[in-house]
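In: Pasted the sequence and its predicted model underneath.
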Amino acid sequence: MPIVDKQLRMKLQGELAYINERLDQIRQNRDTQGYYNYEIDMWKKKKEEIINQLY
């Protein structure tokens with residue numbers, strides 16, 4: 001059972017790292033690509049969900 005927990009934790013940490021990287025990309029390219037706020041809100045909501053599952 002602990003193996004599954006470790007695997008799930010690693011998966012969630014990987015998703016969290018991807019989301020953080022994506023949010024950084026959006027912030028850096030916001031002026032040139034004009035991202036909409038709903039995309040940022042979507043990623044932030046997903047990030048909060050993952051953090052709640054991890055802790």
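Out: Looks like it arrived, so ask away. Numbering: from 1, shown residues only.
In: C-alpha only now, for contacts and for neighbours.
Out: Will do.
In: now this protein, which segments are flagged as low pLDDT?
Out: For the chain, applying pLDDT under 70 flags the ranges 1-4, 34-35.
In: Repeat the analysis, applying 90 as the threshold.
Out: For the chain, the stretches with pLDDT under 90 are 1-6, 25-40, 53-55.
In: How far does the helix or strand hosting I50 sit from its chain's centre?
Out: Here I50 sits within helix 37-54, counting by DSSP states H and E. On the basis of CA atoms, centre = their mean, to the nearest Å, helix 37-54 sits 6 Å off its chain's mean C-alpha point.
In: which helices and strands sit right next to it?
Out: helix 2-33 (3 or more CA pairs under 8 Å, 6 or more residues apart in numbering; DSSP states H and E).
In: buried set for the helix it packs on?
Out: L12, L16, I19, L23, I26 (16 or more other CA atoms under 10 Å).
In: for Y38, what are its contacts?
Out: Shown in contact with Y38 (CA atoms under 8 Å, 6 or more residues apart in numbering): no residues.
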